[in-house]
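Chemist: show me the folded form of this:
(2 chains)
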Amino acid sequence: MKSIRNIFLSALLLAAPLFAQQWKAPTGMKKLSNGLTVVVSEDHSAPTFGVCISYGIGFRLEPEGRTGFAHLFEHMMFEGTPVAPKGTLIRVIEGGGGNLNGDTRYDYTEYIETAPISAIDPVLWVEADRMKTLDFSPKNLENQRKVVEEEVRVNVMNRPYGLFFAIDLPGKAFDTYPNAHNFYGDFKDLDAAKIDDVQKFYEQYYAPNNAVLAIVGDVKPDDIYARVEKYFAAIPSRPTPPRPQVEEPSQKAERRSAETDKLAKVPALAIGYRMPPRHSSDALAGAVTGELLHNGQASLLYQALVKDKQVALSVDGGVNWPLGTPVEYNGPTLMTSFIVYPPNLKADQVLAAYDATIKQLADKGPSQADLDRIVAKMRSDLYDNLEIPISRASALSHAVLFDGNFDSVYQVPEELGKVTPAQVKAFATKYLVSTNRTIIDRVPEAAGKPQGAGQ
Amino acid sequence: MKILHLLCAVAVLVSFAMAQKEAPLPKDLPPYGAEKPLAAPTVSASKLDNGLTVWLVSEPGFPKLALCVAVRGGFAADPADRPGISQLLAKTMGQGTKTRSAKQVAQELQGAGGDLTAQSRNDYIEVSTTILSTKKDNAVAVLSDVLQNASFPDAEVTLAKRNAADELRQRESEPSFLANRAMAKVLFGDHPYHVTAPTQESITASTPDDLRKIYAQRFRPDQAILVAVGDFENNQMLGLIKARFGSWKAPNEAPLAAPATPSTTAQHSVFIVTRPGSVQTTLEFGAFGPRRGDPDYEAAEVANAVYGGTFSSRLVANIREDKGYTYSPASFLRQYRESGMAITRADVRNEVTGPSFNEMTYELNRLATTSPTDEELSKAKRFLVGIEAIQLQVRAAVAGELAGIWVDGLPPEEIGVYGQKIAATNTADVDAAARKYFPAAKAAIVAVGEEKVIRDALAPFAIPVQTMQ
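Modeler: Here you go, the predicted model:
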């Protein structure tokens, strides 16, 4: 074990001589003739591996009148195929000592597994098998529709705040269906889903040429490329729909609304500012600004609202929060603040303190010391996403799906250090303005009608 | 063992499926390959002259470092008139030292890539952070200051009390919090393990002096462990720790005694926690389980994996993949130094509260009365061993696990023998653990939701039902 680790260490030293702090694992990629992109990263620190297949389909692209379908479909990917009936996939992976999951987000749907290396062949086989076809079973669809509705109950309807900062806020902040609709799905839409819809969706989006397969762990690249070729190469490519326009018309004025909450005992605010596209020159400064404001007890908002002015119990948020890191999105997104505040205060008192913090950042900018601290914290957080094979496979797979290469995974932690106080100041001045934001005040129903709201 | 935390983010949209019967596997499915040995972390254990236990795991090559300090004495050690004050202590100990303000503590740790996480558990308080390994000098300096010189400034305590009162109000709207608190009360009664959180009364009554006194009692080197896992060289790290912690002195008073051994008999009744407006009932079955270190602990883990601890377990197959009653069925063992729990939980829509109760009872009794099949047993064992290997790659998880092992009075090698003990369990061991811990009649049931819904749903069952105050 020890010697394996030492070999890995020397490989790393060869790979990363440029900066003292930069860390990069040996990583490469290849495309099969059917369009499937394969990324491999070696990590011999333990005899395990992680796999992520990301498909280029998420909430943003699900059809109108079919809210929640991308996620419901994700559940159907676990419901069996003609040769591996319901239950086989999980039996094979757990029986191999592994774990698995699936996630649906705005810009991808991912399927992730991790297991001891002895399970690599059966895991690749079951992944390839469900890329060929599914068991399009009405009975299983009915079962998973019920399961998804229970998921919505447990995460939204039976839960204080009901994820309003992640579902209702984009719904108010954006104007077009791809970005504004309820991604978990209205029950009437979920109930209307037919097995034909499942089959059509699969045929449209679950093609090898719309997927990126990343494998990380105790593997050798050439060996893995050969195995992937063996299991996946015969799956034919298919045309996928052109990516629709998902950009938003610009926002002209602040949007403010109020909600009541049947379950919460303490009120909360959600504030969302529209962010620039990820590849714009402002994006990295935006990510840093979001973290400077929200990341931990040293953050500007925590210090101002919770400690100095004592108008909040907690502050959470950031760019692309809570559905991804501040550098991992591929379409319109928000910088969200979720603030729980004391019941004896009004939303406007909290907002006044919030606005003063934003104004100070826009007027004066952060100090270099402020920036150095948050850059260290962001690097540390980004490295956490690369620590173990399953999460590194996920990060690599998303980057390649969005950009066609994985450079950002290793470069962003470095590039954060180039953001200047002047850039953050300019970003705050340009984007953190009231005409670019949406506010929802959510108060306990028992506390009476919502107060101080526009509409 | 804990399932990977990384899979638990907000709004992770999860799916899983299950085989009802063990159909033959697909004919083209390749077999599992040869097993490679899953090496456990190598722990370098030492003790400073002042009694501080130090366990180091050197993992070079990746630029992160996890630090975790545990001190004996958590919720179960709280004074009877200050239940849950450990939580207030954990929240305030980073809010200022003799030489650093709260803001300086937070900023210095952020500059090292970390956050201060201080949490009260049943038997200990855990203070942890994960940082960039290049910044370890700074982080260890702040951590040592917080552990030795916390000052509990009056203004910080006043603010923390006010926020803790509102936070408790808020947490009382979450069904999982209510179920957890009720189950501890039902199983442990007046034993100190019933404390899972502060009360409004204890928050109001707590003073900065209370906190200073408890801090002085519990934060002493001879009752503490420091675990570091990550990119460092052992001798250098030990030197840094000695320099920062070597002058920490234990008081002359005897340390706190461990809690008494609690009862092992649960009252087989339903305890309702009313939560108006609920669209689901949170059903929780709780029985006494083994402690880590008990001879049948690993067998109970295997039994739990067969029953409800994996995606392909019987419970998930039944109430999720067959009947669609719930998204989130789960079962797990919970550890205390002097006790253990076996818990099953599911949030089910109101209309299927009765049928879900019926199926959960059925699956518990099926486990307790019939042997797992060979495939179930082999799958459960491979799962637990494999997941352990995967979990051991997460530096913070290794640090936390080792700290918990020390609190339980076990040696560091325990982290390596878990997998071996799991692999060595056989059907007879698992049957015995299943009969001992899993019969439904040995469980108390907590149901959180609409009282009338629950009472109506459970009326046909021959079990007493009462509403908790």
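
Chemist: neighbours around the residue of the stretch 51-200 of chain B found nearest chain A, how many?
Modeler: Per C-beta to the nearest C-beta, B:Gly113 is where the stretch 51-200 of chain B lies closest to chain A, at 2.8 Å. For the C-beta atoms, the positions are set from N, CA and C on the backbone; glycine is no exception. Using other C-beta atoms under 10 Å in any protein chain shown, B:Gly113 has 29 other residues around it.

Chemist: check contacts around the nearest residue to it once chain neighbours are set aside.
Modeler: Spatial nearest neighbour of B:Gly113, excluding adjacent residues (C-beta to C-beta, 6 or more residues apart in numbering or on different chains): A:Ser380 at 2.8 Å. Taking C-beta atoms under 8 Å, 6 or more residues apart in numbering or on different chains, we find A:Ser380 in contact with B:Lys64, B:Ala112, B:Gly113, B:Gly114, B:Thr130, B:Ile131, B:Leu132.

Chemist: ranges for the strands of the stretch 251-400 of chain A?
Modeler: Applying DSSP state E, counting those that start in this stretch to the stretch 251-400 of chain A gives strands spanning A:255-261, A:268-274, A:314-319, A:334-340.

Chemist: could I get the ones you listed in JSON lines, plus columns for mean neighbour count, distance to A:Ile235 and mean pLDDT?
Modeler: What follows is these, written out as JSON lines (neighbours: other C-beta atoms under 10 Å in any protein chain shown; distance: least, C-beta to C-beta, whole Å; pLDDT from 0 to 100):
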{"stretch": "strand A:255-261", "mean neighbour count": "18", "distance to A:Ile235": "45", "mean pLDDT": "97"}
{"stretch": "strand A:268-274", "mean neighbour count": "24", "distance to A:Ile235": "39", "mean pLDDT": "98"}
{"stretch": "strand A:314-319", "mean neighbour count": "23", "distance to A:Ile235": "36", "mean pLDDT": "98"}
{"stretch": "strand A:334-340", "mean neighbour count": "26", "distance to A:Ile235": "37", "mean pLDDT": "98"}
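
Chemist: of all the ones you listed, which one is nearest B:Ala440?
Modeler: Nearest to B:Ala440, of all the strands of the stretch 251-400 of chain A, is strand A:255-261, at 35.8 Å by C-beta to C-beta.

Chemist: what angle do that closest one and strand A:268-274 make?
Modeler: 150 degrees (axes from the mean of the first three to the mean of the last three C-alpha atoms, to 10 degrees).

Chemist: which neighbours does strand A:255-261 have in its sheet, and in what orientation?
Modeler: Paired strands of strand A:255-261, with direction, are strand A:437-444 (parallel) (DSSP bridges).

Chemist: quick check: angle from the partner strand to strand A:334-340?
Modeler: Going by the same axes, to 10 degrees, strand A:437-444 makes 30 degrees with strand A:334-340.

Chemist: run through who's touching strand A:437-444.
Modeler: Strand A:437-444 is contacted by residues A:161, A:164-165, A:168-169, A:172-173, A:251, A:254-261, A:264-274, A:334, A:343, A:347, A:351, A:450-453 when judged by C-beta under 8 Å, 6+ apart.

Chemist: roughly how far does the residue nearest to B:Gly113 sit from A:Pro249?
Modeler: From A:Ser380 across to A:Pro249, the span is 38 Å (C-beta to C-beta, to the nearest Å).

Chemist: any idea which element B:Ser378 lies in?
Modeler: Secondary structure assignment for B:Ser378, by DSSP states H and E: helix B:374-391.

Chemist: so which elements touch that helix?
Modeler: Judged by 3 or more C-beta pairs under 8 Å, 6 or more residues apart in numbering or on different chains; DSSP states H and E, helix B:374-391 is in contact with strand A:48-55, helix A:88-95, strand A:99-104, strand A:109-116, helix B:297-307, helix B:395-407, helix B:414-424, helix B:427-437.

Chemist: in space, what's closest to B:Val157 - neighbours in sequence excluded?
Modeler: B:Pro208 (4.5 Å).

Chemist: for burial, what's the neighbour tally of the residue nearest to A:Leu382 when sequence neighbours are not counted?
Modeler: Leaving aside its sequence neighbours, A:Leu382 sits nearest to A:Pro413 (C-beta to C-beta, 6+ apart; 5.0 Å). Applying other C-beta under 10 Å, we find 25 residues neighbouring A:Pro413.

Chemist: all helices for the stretch 51-200 of chain A, in order.
Modeler: Remark: helices assigned in the stretch 51-200 of chain A by DSSP state H, counting those that start in this stretch are A:69-76, A:88-95, A:120-132, A:138-152, A:168-173, A:177-180, A:187-192, A:195-205.

Chemist: in chain B, which spans are strands?
Modeler: Counting by DSSP state E, one finds strands in chain B at the ranges B:44-47, B:53-58, B:64-72, B:117-120, B:124-132, B:224-230, B:270-274, B:280-288, B:330-335, B:340-349, B:444-449, B:465-467.

Chemist: export the ones you listed to TSV and tack on mean pLDDT?
Modeler: Listed next are the strands of chain B as TSV, based on pLDDT from 0 to 100:
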stretch	mean pLDDT
strand B:44-47	98
strand B:53-58	98
strand B:64-72	98
strand B:117-120	97
strand B:124-132	98
strand B:224-230	98
strand B:270-274	98
strand B:280-288	98
strand B:330-335	96
strand B:340-349	98
strand B:444-449	98
strand B:465-467	98
